[in-house]
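# Got a predicted structure here, sequence first:
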Amino acid sequence: MATLGIESSAHTFGVGIVERGRVLANAKSMYPITDKGMIPAKVADHHIQTFKETIEQALYDSGLSMSDIDSVGYTRGPGLGPCLRVGQLAARTISERRSIPIFPVNHACAHIEITRRMAGLRSPLALYVSGGNSQIVAREKHGYHVLGETLDIGVGNMLDNFARSAKMVPAWGSSVAKSAIKGRYLPMPYTVKGMDFAFTGLLTSAAKMLGRHSVNDISHSLQETAFSMLCEATERALLLTRSRELAVCGGVAQSSRLREMLSIMSRPHGIRFGFVDDQYNSDNGAMIAYVAELMRDSGSSFQLDKCTIDQKYRIEEVEALWR
Ligand code: FE2
């Protein structure tokens, strides 16, 4: 009863295999990050070149063969259209050839659910932070509710945009994080509106400071300000929902500084804070397989012609029958 999941929404082609909630494989092939950003057609070409070997790697790592796979999931969205298409096509081909059920998975939902499982949390409020997305997501019966989100760009893309302007390698904020360690704080624009937040003003201000202040000082101030905004909005959402648990997930959840700040914020409220290993915060197929298995076990079923992609697939549209 193993489920194979395919993730292809952005620069990673990931294939995971899950059996009864246990991850047996989590193989990945990543399009190299350059200073030119991601050109969707080129990333899709990478996925086409590597999908076969990544599927084979996952099967090898799990010790299973394709005949042991009895359901398949893929990322329906959100993400880059040409990239999503590669995963969709691979999953539909496997489903059709092997006559096994197929499940379209929401990428944000997959990050949240794998974190809930791996961090041993029951029903956390989730801060989902990645390149293209930054959202505060609460659980609802059979679904999710976005309480707050970015009004412009995702925090990861904001950090990467700055990294490019400062001639650093953009990698979900990790270059900025390294530079930030050596910096001092300078005042920067701070935009929180209720439980929403915005990053472009901050990015513009940081870019304008280049040449007038040290890159380390700007990186430090940019990161501290952006993460403080996320902490303030998340704290408000925690108190409003009376949540007892908080999870952080997505690419930017790999930041040890963000995790530290969220942990410090959670402590006085007695809130249990959790996160997962980096392999599940960066894009991966295991989280897609995990949610596909939840969908299968809760009785969902999808006709092949309904297995589309949706670049703007919102988590509120997900029918989470397993919750
Ligand atoms: Fe992601």
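Structure received. Numbers count the residues shown, from 1 in each chain.

# CA only for contacts and neighbour counts going forward, please
Will do.

# So for the helix of greatest length in the chain, what gets flagged as buried?
Longest helix in the chain by number of residues (criterion: DSSP state H): helix 215-241. Residues of helix 215-241 classed as buried: 215-235, 237-238 (neighbour count, 16 or more other CA atoms under 10 Å).

# Only alpha carbons, please: show stretch 125-142 as PDB.
In PDB, the C-alpha atoms belonging to stretch 125-142 read as follows (Å, rounded to 0.1, in the frame of the first residue of the first chain):
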ATOM      1  CA  LEU A 125      -1.600  27.300  13.400                       C
ATOM      2  CA  ALA A 126       0.900  27.300  10.500                       C
ATOM      3  CA  LEU A 127       3.200  30.000   9.300                       C
ATOM      4  CA  TYR A 128       4.000  28.900   5.700                       C
ATOM      5  CA  VAL A 129       6.900  30.900   4.300                       C
ATOM      6  CA  SER A 130       8.600  30.200   1.000                       C
ATOM      7  CA  GLY A 131       9.800  32.000  -2.200                       C
ATOM      8  CA  GLY A 132       6.400  32.800  -3.600                       C
ATOM      9  CA  ASN A 133       4.200  32.400  -0.600                       C
ATOM     10  CA  SER A 134       3.900  33.800   2.900                       C
ATOM     11  CA  GLN A 135       0.700  32.900   4.800                       C
ATOM     12  CA  ILE A 136      -0.700  32.300   8.300                       C
ATOM     13  CA  VAL A 137      -3.000  29.300   8.000                       C
ATOM     14  CA  ALA A 138      -5.500  28.000  10.500                       C
ATOM     15  CA  ARG A 139      -7.200  24.700  10.500                       C
ATOM     16  CA  GLU A 140     -10.900  24.400   9.900                       C
ATOM     17  CA  LYS A 141     -13.100  21.400   9.900                       C
ATOM     18  CA  HIS A 142     -12.400  19.700   6.500                       C
END
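
# For the residue of the chain positioned farthest from its centre, give me the pLDDT.
Distance from the C-alpha centroid of the chain, by CA atoms, centre = their mean, peaks at Arg212 (34.3 Å). In this prediction, Arg212 carries a pLDDT score of 97.

# Now it. Its backbone dihedrals?
Backbone geometry at Arg212, expressed as degrees, to the nearest 10, gives phi -100, psi -20.

# Just give me the residue closest to the centre of this protein.
Gly250 (3.2 Å).

# That one is in contact with His111, isn't it?
Yes: assessed by CA atoms under 8 Å, Gly250 is found in contact with His111 at 6.2 Å.

# tell me the secondary structure for Gly14?
Three-state assignment for Gly14 (DSSP: H, G, I helix; E, B strand; the rest coil): strand.

# Could you give the number of residues near it?
Gly14 has 29 neighbours, counted by other CA atoms under 10 Å.

# got it, and Arg116?
If you count neighbours by other CA under 10 Å, Arg116 ends up with 24.

# ok, and the closest non-adjacent residue to it?
Taking CA to CA, 6 or more residues apart in numbering, and ignoring the residues beside it in sequence, Arg116 has Arg122 as its nearest neighbour in space, at 6.6 Å.

# ok now stretch 39-47, how far from the chain's centre?
Taking CA atoms, centre = their mean, to the nearest Å, the mean C-alpha location of stretch 39-47 is offset from the chain mean by 19 Å.

# Please apply the same query to stretch 275-284.
Computed by CA atoms, centre = their mean, the separation of stretch 275-284 from the middle of its chain amounts to 8 Å.

# now do stretch 4-18
Distance of stretch 4-18 from its chain centroid, counting by CA atoms, centre = their mean, is 12 Å.

# Output that stretch in CSV with nothing but the alpha carbons.
The C-alpha coordinates for stretch 4-18 follow below in CSV (Å, rounded to 0.1, in the frame of the first residue of the first chain):
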residue,chain,number,x,y,z
LEU,A,4,4.3,7.8,-4.8
GLY,A,5,4.2,11.6,-4.8
ILE,A,6,5.6,14.0,-7.4
GLU,A,7,6.5,17.6,-6.6
SER,A,8,7.4,19.9,-9.5
SER,A,9,6.0,23.4,-8.7
ALA,A,10,9.2,25.3,-8.9
HIS,A,11,13.0,24.5,-9.2
THR,A,12,12.8,21.0,-7.6
PHE,A,13,11.6,17.8,-9.2
GLY,A,14,10.9,15.6,-6.1
VAL,A,15,9.7,12.1,-5.8
GLY,A,16,8.7,10.7,-2.5
ILE,A,17,7.3,7.3,-1.4
VAL,A,18,5.2,6.9,1.7
